[in-house]
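Enquirer: coords please:
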Amino acid sequence: MKQTINIIGLCLSLSVQAQVYDYNQLLGAAALNNSSYLAQKYNVDIAMAEEQAARVFNNPEISFTYGNNQDWNLHMGQTYEAGLSYNIPLSSVRGAQIRVASANRQANEAEVADFWCALKLQISHAYAAAWLAKQQMQLCYDNYRMMEQIARGDSIRLTIGDVSPTDAMQSFLEVRTARGEWLMAGNEYHNALLNLSVFIGGTQVDSIGELPELPDAVASLPELQQQACDNRNDLKAAYWQQNASEKALQLVRAQQAPDLTINAGYVHSTEVRNEIAPAPKYDGFSVGVSMPLNFSSLNRGERSAAENRLKQSSLTYQTVQQQINAEVAQTYHTYLVAEEISNNYDASILSDAQLIQQKRHQAYTQGDTGLLPLLDASRTYRDILSSYYEAIANRFVAYSELMRATGQ
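Expert: Residues are numbered from 1 along each chain as shown. Next comes the predicted model:
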């Protein structure tokens with residue numbers, strides 16, 4: 001039991017003994033160490049490599065042939081042939097391949113940027129939950145210390161008859177209850193820190209700082225929706241996927257055009273020493289062109305598939321646009337409500353609740369009132385402060401979701 005108390009006490013002093021991670025530090029650590037994000041970034045490297053590969057030209061073909069016309073017994077001579085051929089597409093296949101690869105690269109870049117925005121939102125949720133757990137733990141600790149002080153005072157007052165045995169017994173039970181709440185709150189805070197460590201590659205998070213300050217006001221809904229259309233990376237990804245589908249259709253059309261193959265050859269024939277049909281040695285040259293009979297272009301299956309992919313990507317782009325407008329409107333109104341709720345907890349409400357608790361505490365220690373009014377005042381103060389912290393955390397989460405909806 002003593003060991004458990006020491007562990008919780010260590011959690012309370014982490015802000016002094018260990019490095020404190022604030023929100024921006026966690027984002028920086030996640031950008032460098034989050035394995036999911038790092039894995040996503042490889043998609044951009046792969047797409048860049050594929051774009052580079054699409055720029056390659058066709059390789060020329062070289063051939064060499066040796067012929068022996070029974071030169072050993074009939075003396076009909078030998079031949080040595082060398083040839084070179086090169087395929088020239090009559091349509092811009094290479095250019096179409098480059099444009100498809102470029103569109104895919106930009107789509108991947110937008111998808112990675114959108115993944116980072118989504119990751120930032122997850123970190124915001126986890127950070128707000130950890131911050132709220134930290135405040136709840138501190139509240140429970142303060143309550144435990146207060147009840148412990150009251151119980152020690154009651155044990156002394158009981159010996160001189162200034163407090164009833166019932167109140168002294170109840171104050172002792174309240175200490176045990178407060179201690180259990182403190183231990184549970186400390187465990188929740190510890191688990192919230194472990195959840196944060198997952199986002200930064202498993203690096204231990206010992207403590208966190210305060211929530212970042214939020215602006216006093218946000219832009220209007222039409223302005224935010226326009227910002228979303230300009231900044232949302234998933235919309236950019238949908239646009240470039242549509243662009244890639246369009247370029248892929250152009251590539252299919254280019255691939256269906258015939259290719260031209262240019263051939264050049266050289267042949268050397270040795271002397272024919274056959275007595276019946278002798279011939280001198282000679283060198284020969286040849287140049288030619290060839291073109292396939294492109295009957296496969298009559299099959300429209302591949303072209304039809306590319307056309308349908310283009311229609312599909314166009315509808316996907318429109319769907320993303322509609323979803324973005326709805327998300328911005330939803331998160332905007334949610335933030336306004338969260339802001340209004342947090343503004344309800346002004347300084348006077350918190351100070352009044354604390355003042356009532358202090359006066360009830362003073363009245364109880366002076367013997368002017370019983371323990372129950374003090375407990376009620378203490379619970380009211382903790383409930384108000386807990387609701388206040390929850391409103392602050394909810395406002396931060398709502399603001400983070402609004403920023404995610406607008407692509408920031």
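
Enquirer: make it CA atoms for all contacts and neighbour counts henceforth
Expert: OK.

Enquirer: low pLDDT regions in the stretch 201-350 of the chain?
Expert: Across the stretch 201-350 of the chain, the ranges flagged by pLDDT under 70 are 296-299, 347-348.

Enquirer: In it, what residue spans correspond to strands?
Expert: All strands of the stretch 201-350 of the chain, identified by DSSP state E, counting those that start in this stretch, fall at 207-208, 259-269, 282-290.

Enquirer: and residue 103, which of those is closest to it?
Expert: Proximity to residue 103 (C-alpha to C-alpha) singles out strand 259-269 among the strands of the stretch 201-350 of the chain, at 25.4 Å.

Enquirer: buried ones in that closest one?
Expert: Across strand 259-269, burial judged by 16 or more other C-alpha atoms under 10 Å covers 259, 261, 262, 263, 265, 267, 268, 269.

Enquirer: Who's the closest spatial neighbour of the second one, skipping the chain neighbours?
Expert: Once its chain neighbours are removed from consideration, residue 261 has its nearest residue in residue 87; the separation is 4.3 Å (C-alpha to C-alpha, 6 or more residues apart in numbering).

Enquirer: How about the fifth one?
Expert: Ranked by C-alpha to C-alpha, 6+ apart and with sequence neighbours excluded, the top spatial neighbour of residue 265 is residue 83, at 4.0 Å.

Enquirer: Against which helices or strands is the helix or strand hosting that neighbour packed?
Expert: Mapping residue 83 onto the secondary structure by DSSP states H and E places it in strand 78-89. Packing contacts for strand 78-89, counted by 3 or more C-alpha pairs under 8 Å, 6 or more residues apart in numbering; DSSP states H and E, involve strand 61-68, strand 259-269.

Enquirer: between the last one and strand 61-68, what angle do the directions make?
Expert: This means strand 259-269. Put simply, strand 259-269 runs at 30 degrees to strand 61-68, going by axes from the mean of the first three to the mean of the last three C-alpha atoms, to 10 degrees.

Enquirer: ok, residue 329 to residue 116 distance?
Expert: Distance, residue 329 to residue 116, using C-alpha to C-alpha, to the nearest Å: 22 Å.

Enquirer: Which one of those two is surrounded by more residues?
Expert: Each of residue 329 and residue 116 has its neighbours counted (other C-alpha atoms under 10 Å); residue 116 has more, 21 against 18.

Enquirer: Now the more buried one: phi and psi?
Expert: Dihedral angles of residue 116 (phi, psi; degrees, to the nearest 10) stand at phi -70, psi -40.

Enquirer: Excluding chain neighbours, what is closest to it?
Expert: The spatial neighbour of residue 116 that comes closest, neighbours along the chain excluded (C-alpha to C-alpha, 6+ apart), is residue 37 at 6.8 Å.

Enquirer: residues touching the one you found, list them.
Expert: Contacts for residue 37 (C-alpha atoms under 8 Å, 6 or more residues apart in numbering) come out as 31, 112, 115, 116.

Enquirer: Which one of the residues you listed sits in the busiest neighbourhood?
Expert: The most crowded member of the contacts of residue 37, judged by other C-alpha under 10 Å, is residue 112 (23 neighbours).

Enquirer: what's the spacing between that one and residue 237?
Expert: Per C-alpha to C-alpha, residue 112 is found 9 Å from residue 237.

Enquirer: one step back: give me the subset of the contacts of residue 37 lying in helices.
Expert: 31, 112, 115, 116 (DSSP state H).

Enquirer: counting contacts, what elements does the strand or helix carrying residue 375 pack onto?
Expert: Using DSSP H and E, residue 375 sits within helix 371-405. In terms of contacts (3+ C-alpha pairs under 8 Å, 6+ apart), helix 371-405 is packed against helix 93-160, helix 301-344, helix 347-365.

Enquirer: Rounded mean pLDDT for the first one, please.
Expert: The average pLDDT for helix 93-160 rounds to 86.

Enquirer: Would you mind identifying the next helix or strand past that helix?
Expert: helix 165-199.

Enquirer: That following helix vs helix 371-405, what angle?
Expert: In terms of direction (the same axes, to 10 degrees), helix 165-199 departs from helix 371-405 by 10 degrees.

Enquirer: Show me what counts as buried in helix 165-199.
Expert: Residues of helix 165-199 classed as buried by neighbour count (16+ other C-alpha under 10 Å): 167-168, 171-172, 174-175, 178-179, 181-183, 185-190, 192-199.

Enquirer: and what of stretch 54-65?
Expert: Within stretch 54-65, the residues scored as buried using 16+ other C-alpha under 10 Å are residue 54.

Enquirer: count of residues packed around the closest residue to residue 248 other than its chain neighbours?
Expert: Nearest-residue entry for residue 248: residue 100, 5.9 Å, with adjacent residues in sequence omitted and distances by C-alpha to C-alpha, 6+ apart. Residue 100: 25 surrounding residues under other C-alpha under 10 Å.

Enquirer: now do residue 328
Expert: Each residue near residue 328 was counted by other C-alpha under 10 Å, and the total is 25.
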